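S.K.: predicted structure and sequence below. I'll ask about it afterward.
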Amino acid sequence: MVVLRIPDGSALVRIEKADPQLYFKIYELLSYRRDFGKWDKPESLYDPYEKTFPVGLLPRVKKFLKGKGYRVRVKDKRQVRGVGLNSKWNEGYVMRRYQERAVKKALKEKMGVLALPVGSGKTVVGLRIIHEIGLSTLIVVHTKELLYQWADKVRDVLGVEPGIVGDNRWDEGEVTVAMIQTLLSRGADKLQNDYAVLMFDECHRTSAADKFYQLGLSLPQVYRFGLSATPWRRVRGEEIKIEAVVGPTIFEVKAEDLIREKFLAKPRFEVITYESMMLSFSERYKELYEDLVMNNEERNKVVVEKAVELAGKGHRVLIDVKRIEHGKILKKMLEEKGIKAEFLSSQSLDRWEILEAFKNGEIPVLISTLLKEGVDIPEISAIILAGGGKSDIMTIQTIGRALRPKRGMKAVIVDVQDDDPLLFTHFIERQKALKQYYGKYYDREMQLKLEENVPKKGRPRKRS
């Protein structure tokens with residue numbers, strides 16, 4: 001018999017009454033490498049001195065122990081704290097069948113990741129969970145846009161005035177929306193209210209995995225959930241740290257299922273190519289990117305031409321870029337073509353006015369470094385991935401902005417194929433992410449074109 005005890009007020013599980021060999025096996029089970037390098041030293045989320053591991057890993061450890069023939073007893077001493085929530089559900093928000101299944105699973109498991117594609121209404125799912133539990137809740141986000149977007153939804157859907165912690169504010173309520181950066185810098189122990197539910201939005205964001213992990217273990221809530229449109233990661237260390245805080249994925253809906261049921265728009269994938277005499281002599285990625293992406297006149301020209309074409313067909317176009325300078329270059333080129341365009345970044349003081357103008361149709365083309373995650377703009381019907389890069393998470397998050405159903409229109413997803421060997425591998429990584437995420441809705445003809453157009457392996461980069 002192995003006893004797994006969770007003390008009250010703790011996010012850690014203590015192992016008791018186990019033989020010495022078992023402790024070592026659990027240490028190995030919960031070990032990971034931050035990188036796949038040969039010399040990278042493995043780390044473990046099991047503390048051999050305290051004989052503890054994070055509560056989110058409890059299902060993994062239980063499954064492992066039972067597989068080894070051990071009897072397992074969990075002694076959960078935690079008390080559900082918090083105050084009653086006086087919420088009233090807005091009947092204008094009718095739950096879809098898959099959303100109801102997600103809520104039911106969450107209430108049964110009490111923790112875990114709910115994987116719901118962009119445009120599937122995962123915010124509404126999160127709010128329904130809060131409403132059904134009926135207790136005070138802390139919602140953790142990572143941007144100011146999400147901070148206020150969640151606050152608006154709490155007010156509209158639950159009829160509750162939200163607390164806001166972040167953006168130089170610290171006002172708590174029955175349901176408080178908080179920025180992770182503020183909670184870490186000022187200390188989560190400064191929270192005055194007792195919260196029964198802990199909910200992380202966009203929990204796949206483990207580029208800051210250590211901060212996510214640090215905050216998650218400092219908060220002891222029994223009910224703990226993660227919402228994500230893209231729960232899969234490349235690096236196992238990042239995966240296990242998400243799981244350690246909120247538990248494993250307990251419910252998942254695939255984008256292709258929602259496209260089939262017409263909850264999401266059917267995508268049309270396009271690739272634009274260009275011929276350029278631009279050369280780069282740099283072996284550093286920053287300079288290479290500036291030469292062959294940001295300041296590449298021919299590349300920028302085909303991006304602008306495609307945006308003009310799409311806008312002429314009635315699309316609201318988002319051009320996704322990585323650098324502010326790149327956005328400004330494309331904005332100037334579009335205006336020279338007679339197209340009204342605006343550039344939006346974290347430095348834009350008038351970002352809300354720009355977004356409203358875009359939503360109202362006053363601006364047909366929006367260029368941004370910003371609209372990767374969480375920002376809800378259903379008016380977008382076409383996206384051009386002009387910024388390159390290989391991040392599968394960011395690719396899926398960005399194009400999800402265009403996948404809301406539009407009457408008589410498919411969602412158009414445009415990528416740029418670069419010739420440089422390194423940039424071409426990034427292009428292939430983005431396309432693999434699209435193929436994995438959208439399944440049978442990924443264009444097979446385009447897949448064949450990709451295979452035909454692969455540059456010769458090992459081709460050296462030209463130097464100027």
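M.R.: Okay, I see it.
S.K.: ramachandran coordinates for the residue lying closest to residue 420 once chain neighbours are set aside?
M.R.: Once flanking residues are discounted, residue 420 sits nearest to residue 292: 5.4 Å by CB to CB, 6 or more residues apart in numbering. Just so you know, the C-beta spots here come from the backbone N, C-alpha and C atoms, and that holds for glycine as well. Main-chain dihedrals, residue 292, degrees, to the nearest 10: phi -100, psi -10.
S.K.: contacting residues for residue 310?
M.R.: By CB atoms under 8 Å, 6 or more residues apart in numbering, the contact list for residue 310 reads 317, 382, 384, 412, 414.
S.K.: from residue 347, how far off is residue 139?
M.R.: From residue 139 across to residue 347, the span is 26 Å (CB to CB, to the nearest Å).
S.K.: more neighbours: which of these two?
M.R.: residue 139 (29 against 10; other CB atoms under 10 Å).
S.K.: helix/strand/coil for the more buried one?
M.R.: What DSSP: H, G, I helix; E, B strand; the rest coil gives for residue 139 is strand.
S.K.: beta partners of it?
M.R.: When assigned by DSSP bridges, residue 139 has beta-bridge partners residue 177, residue 199.
S.K.: that one contacts residue 202, doesn't it?
M.R.: No - Residue 139 is beyond contact range of residue 202, at 11.1 Å (criterion: CB atoms under 8 Å).
S.K.: quickly find the element holding residue 112.
M.R.: Element membership of residue 112 [criterion: DSSP states H and E] is strand 111-115.
S.K.: which elements pack onto that strand?
M.R.: helix 97-109, helix 122-133, strand 223-228, helix 236-246, strand 249-252 (3 or more CB pairs under 8 Å, 6 or more residues apart in numbering; DSSP states H and E).
S.K.: out of those, which is closest to residue 322?
M.R.: helix 236-246 (20.7 Å; CB to CB).
S.K.: now that closest one and strand 111-115, what's the angle there?
M.R.: For helix 236-246 against strand 111-115, the angle between stretch directions is 120 degrees (axes from the mean of the first three to the mean of the last three CA atoms, to 10 degrees).
S.K.: could you list the buried residues of helix 236-246?
M.R.: 237-246 (16 or more other CB atoms under 10 Å).
S.K.: same check on stretch 140-158?
M.R.: For stretch 140-158, by 16+ other CB under 10 Å, it's 140-143, 145-151, 153-154, 157-158.
S.K.: could you do stretch 74-85 as well?
M.R.: So stretch 74-85, judged by 16+ other CB under 10 Å, has buried residues 81-82, 85.
S.K.: so where is this protein shaky, pLDDT-wise?
M.R.: 34-40, 205-208, 230-238, 278-283, 346, 348-349, 370-378, 391-395, 397-409, 443-464 (pLDDT under 70).
S.K.: biggest helix in it by residues?
M.R.: Identified as the longest helix of the chain according to DSSP state H is helix 421-438.
S.K.: remind me what that one packs against, helices and strands.
M.R.: Against helix 421-438 (3+ CB pairs under 8 Å, 6+ apart) you get helix 255-260, helix 285-289, helix 392-399, strand 411-416, helix 444-452.
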